[in-house]
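Colleague: below is the sequence, then the predicted model.
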Amino acid sequence: MIGLILVSHSEKITDGIKDLVVEMTKDAVPIVSAGGTTDGRLGTSADKIVEAINELSGCNNILIFTDIGSSIMSSEIALDLVDEDLKAKCILVDAPIVEGAFVAGVQSMVSDDVNSVLDEVKLTKQNKF
């Protein structure tokens, strides 16, 4: 099973993206919204991302989608804070957060092959999905 983590400076953004993907996947794909800080402000939190990674620890692969700047940096820090076995399951995806997470969610319903899912996600960077 492939799980998705959504990281943005705004919890409202990641909650909205999660709602969109859940609507299409009917909750068949585990998704965690990890936007904003732990106290609800705008920003990012490595601790919140670590919690999300731990929540999805039962997944074979965990795809982390970010928006800009410190969401990437906080995700990288979070990956350094989890154990090596869990870190090995995680992939920081270079794709637009909305389109990438949407395609990953739908494709994860069709296939557990993370490479085929990522191949489809790559097309979002070229607007070919």
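Modeller: Received it, and whenever you're ready, just let me know what you need.
Colleague: and the residue nearest to residue 56 when sequence neighbours are not counted, helix, strand or coil?
Modeller: Closest residue to residue 56 apart from its sequence neighbours, by C-beta to C-beta, 6 or more residues apart in numbering: residue 3 at 3.7 Å. All C-beta atoms are positioned from the backbone trio N, CA, C, and that covers glycine. The three-state assignment at residue 3 reads strand, by DSSP: H, G, I helix; E, B strand; the rest coil.
Colleague: is residue 3 bridged to anything, and to what?
Modeller: Residues in a beta bridge with residue 3, per DSSP bridges, are residue 62.
Colleague: shouldn't it be in contact with residue 62?
Modeller: Yes. Using C-beta atoms under 8 Å, residue 3 makes contact with residue 62 at a distance of 4.9 Å.
Colleague: who's more crowded, these two?
Modeller: residue 62 (27 against 24; other C-beta atoms under 10 Å).
Colleague: got the contact list for the host helix or strand of residue 71?
Modeller: Taking DSSP states H and E as the criterion, residue 71 maps to helix 70-81. Helix 70-81 has contacts (C-beta atoms under 8 Å, 6 or more residues apart in numbering) with 5, 7-9, 43-47, 49-50, 53, 64, 66, 87, 90, 92.
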